[in-house]
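J.: okay, here's the prediction I keep looking at, along with the sequence it came from:
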Amino acid sequence: MELTPSQRRTFERLIGPGERPFFSADVVSHLRDRIEEAVRAVELPEPLWLGKSSLNDLGRCAGLFDAIRAGERGPFSFTPRFAAGRLAHKAVELEVAGREDRDPHGLVEEAVDRLVDDEAFRGFWDGLDGLRRDETLMDAAKTLELFRSTMPPLRRMRRELAPSTEWHVRVELLGGAVVLSGTMDLVLGSGSAVEPGRATRLAIDLKTGRAWPEHAEDMRFYALLLALRFGVPPYRVATLYLESGEWQAEDVDQPVLDRAAERVIGAVRAAAASEAGRELELAPGPYCRWCPRTATCPVSAFPPERDAVHAEAVATID
Ligand code: SF4
């Protein structure tokens, strides 16, 4: 199949048609044992759900992790940027699943038709005037076009690459005491390997913004999730930045999986410590601005009075 230079680069360097690593069954069973041992050692009154966001919250501040886990954050609402991202992801899904070539605008309009089934999205969409809707559609169509220009044509290469989009994966540990879950934007490779233990999958997250260190941690978490769910880790995980066509990729090996497992164990212990009423280790930072406890936290980097002074200063300069 004819690929553009950009698609060929992605195919050869990111997907990588080379030999895949082998993982013995022990690798995954030891990971599961390690995490379950940590869960067994603590008291958790109810199932603890962990995903990439909650692990990142804990990486920032135990107070932030605890506040979000306790449900202190306000109800979720769509922003224009988030809605455009959701639309673009849905359009990518339709693009990969569809039977025929479609123009990007048609696809994003179809994506809207699907997404309005979701109440939160419909509320956001109904509140936009015609021009704002067109802008949001255009943003999503541009993202879809970037995806098409960067990735090989997945629909036409379905047999070779076995693509799955918006793949929701959940793992229950120790009878559901801890639940790990995540939705991967794109997974390539089927589960049927020529030999058991041979890695076949590549997990990719698609981003339109710039790279952040958390992105690598997110993908390590996905590597762990796939390993625990299917018994074999992916051979590689990557974040693909659509604006630049560059990626941040990591080949999956034991240290990558160990690091992800360690973060999960850290979250289990942090949740148990909070349940036991132990003092949380607070670590202020820029994220205090959106922390639900910022108004009451004694060390917040953005206590309400400072935010008010900041807002006043900005207003004066304006
Ligand atoms: S305000 Fe900042 S330091 Fe305090 S709990 Fe929230 S994130 Fe942590």
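T.: Arrived safely.

J.: alpha carbons only for contacts and neighbour counts from here, please
T.: Fine.

J.: how far off centre is stretch 211-230?
T.: 8 Å (C-alpha atoms, centre = their mean, to the nearest Å).

J.: output that stretch as CSV, nothing but the C-alphas.
T.: C-alpha atoms of stretch 211-230 as CSV (Å, rounded to 0.1, in the frame of the first residue of the first chain):
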residue,chain,number,x,y,z
ALA,A,211,4.2,16.8,25.9
TRP,A,212,4.0,16.5,29.6
PRO,A,213,5.9,14.1,31.9
GLU,A,214,2.6,12.6,33.0
HIS,A,215,2.0,11.3,29.5
ALA,A,216,4.8,8.8,29.9
GLU,A,217,3.4,7.7,33.3
ASP,A,218,-0.1,7.4,31.8
MET,A,219,1.2,5.0,29.1
ARG,A,220,3.2,3.0,31.7
PHE,A,221,-0.1,2.6,33.5
TYR,A,222,-1.8,1.4,30.3
ALA,A,223,1.0,-1.1,29.8
LEU,A,224,0.3,-2.5,33.3
LEU,A,225,-3.4,-2.5,32.6
LEU,A,226,-3.0,-4.5,29.4
ALA,A,227,-0.5,-6.9,31.0
LEU,A,228,-2.9,-7.7,33.9
ARG,A,229,-5.9,-7.9,31.7
PHE,A,230,-4.5,-10.1,28.9
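
J.: buried residues of it, list them for me.
T.: 215-229 (16 or more other C-alpha atoms under 10 Å).

J.: how about stretch 36-56?
T.: 36, 39, 44, 48-52, 54-56.

J.: can you tell me what sits against it?
T.: The set of residues external to stretch 36-56 that reach it, using C-alpha atoms under 8 Å, 6 or more residues apart in numbering, is 65, 68-69, 173-174, 176-182, 214, 217-218, 221, 263-265, 267-269, 271-272, 275.

J.: same check, this time on stretch 263-272
T.: Applying C-alpha under 8 Å, 6+ apart, the contact partners of stretch 263-272 are 35, 38-39, 42-44, 48, 50, 55, 58, 62, 66, 178.

J.: and these, which is closest to Arg293?
T.: Asp66 (9.7 Å; C-alpha to C-alpha).

J.: give me the distance from whichever strand or helix holds the closest one to the chain's centre.
T.: Element membership for Asp66, per DSSP states H and E: helix 62-69. Taking C-alpha atoms, centre = their mean, the mean C-alpha location of helix 62-69 is offset from the chain mean by 19 Å.

J.: got it, and stretch 135-147?
T.: How far stretch 135-147 lies from its chain's middle: 20 Å, per C-alpha atoms, centre = their mean.

J.: any buried residues in it, and which?
T.: By neighbour count on 16+ other C-alpha under 10 Å, the buried set for stretch 135-147 is 136-147.

J.: for Glu217, see how far away Val27 is.
T.: 19 Å (C-alpha to C-alpha, to the nearest Å).

J.: got it, and Thr208?
T.: 18 Å.

J.: any idea whether Trp49 is helix, strand or coil?
T.: strand (DSSP: H, G, I helix; E, B strand; the rest coil).

J.: residues near the nearest residue to it once chain neighbours are set aside, how many?
T.: Excluding the flanking residues, the one nearest Trp49 by C-alpha to C-alpha, 6 or more residues apart in numbering is Val179, at 4.7 Å. Neighbourhood size, Val179 [other C-alpha atoms under 10 Å]: 16.

J.: could you do Ser24 as well?
T.: The local packing of Ser24 (other C-alpha under 10 Å) involves 12 other residues.

J.: tell me what the helix or strand harbouring Ile204 is packed against?
T.: According to DSSP H and E, Ile204 maps onto strand 202-207. When contacts are defined as 3 or more C-alpha pairs under 8 Å, 6 or more residues apart in numbering; DSSP states H and E, strand 202-207 sits against strand 178-188, helix 213-230, strand 236-241.

J.: ok, the shortest one: who's next to it in the sheet?
T.: Listed by DSSP bridges, the sheet partners of strand 236-241 and their directions read strand 202-207 (parallel), strand 246-251 (antiparallel).
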